Each structure stands twice: as structure tokens, then as C-alpha cells.
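Q: Sequence plus predicted model, see below.
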Amino acid sequence: MSVELSNNRTDLIALAKELDINVTLLYRWRKEFSSKQGSSFPGNGKVILSAAEQELANLKKELRETQMERDILKSFYGAQSVELPIQHK
């Protein structure tokens, strides 16, 4: 709603005061709306990602989980005073 109002008004400072928000926030919302169109402001705090962004997020999650598993194994082997097996290719 704020972005729509800002597109119809010329004095954005006055509009920001009416809405009780900082004018820079209004500019940021306008920029996001124009760059993402239908996917901006999806609601419920969920960001809509492109396919590439979703893939990157999934890969980062998988990396974190793998690192956590590695750290758990390192802790276990360290407590057992046994060296980790090394695989040679």
C-alpha cells in the first residue's frame, strides 16, 4: 500500500511523515518492489527466492550439516584417541 501511494505522490517526505516511517525506508521499498515485482513483500516473513537462490540456500544448508557431522566425528575420534582413517585415491 505504501509503495502504491508513493507512486501516486510527488512529495515522498510528506508521505513518509504521514505513514510515520523514515523516507529512506519508503525509497528502499519502492526499489525492492520495482526490482522484484510480484515476488516482493510475500508476507509472513518468507522470502521468495529464484531457482538459483534456492539451490544456493540448499547447498549452504547441506554444507553446514556435513560440517556438523564431521565435527561430531572428529570429537568422537579425538575422545577415543584414535586417528581418523584416511582414504587414498
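A: Okay, I see it.
Q: Residue 56: which element?
A: Counting by DSSP states H and E, the element that carries residue 56 is helix 51-79.
Q: Tell me which other helices or strands that helix touches.
A: The contact analysis (3 or more Cβ pairs under 8 Å, 6 or more residues apart in numbering; DSSP states H and E) places helix 51-79 against no helix or strand. C-beta coordinates here come from the backbone N, C-alpha and C atoms, glycine included.
Q: Low-confidence regions, this structure specifically.
A: Within the chain, the stretches with pLDDT under 70 are 1-5, 7, 36-48, 79-85, 88-89.
Q: try it again with 80
A: Applying pLDDT under 80 to the chain flags residues 1-10, 12, 15-16, 29-30, 32-50, 77-89.
Q: Which helix or strand contains residue 10?
A: Applying DSSP H and E, one finds residue 10 in no helix or strand.
Q: and it, how many neighbours does it have?
A: Residue 10 has 7 neighbours, counted by other Cβ atoms under 10 Å.
Q: next one: residue 12
A: 14.
Q: any idea how far it lies from residue 19?
A: Using Cβ to Cβ, to the nearest Å, residue 12 is found at 10 Å from residue 19.
Q: anything in contact with each of those two?
A: Common contact partners of residue 12 and residue 19 (Cβ atoms under 8 Å, 6 or more residues apart in numbering): residue 26.
Q: if I look at the nearest residue to residue 57 once chain neighbours are set aside, how far off is residue 26?
A: Spatial nearest neighbour of residue 57, excluding adjacent residues (Cβ to Cβ, 6 or more residues apart in numbering): residue 49 at 6.4 Å. Between residue 49 and residue 26 the computed distance is 25 Å (Cβ to Cβ).
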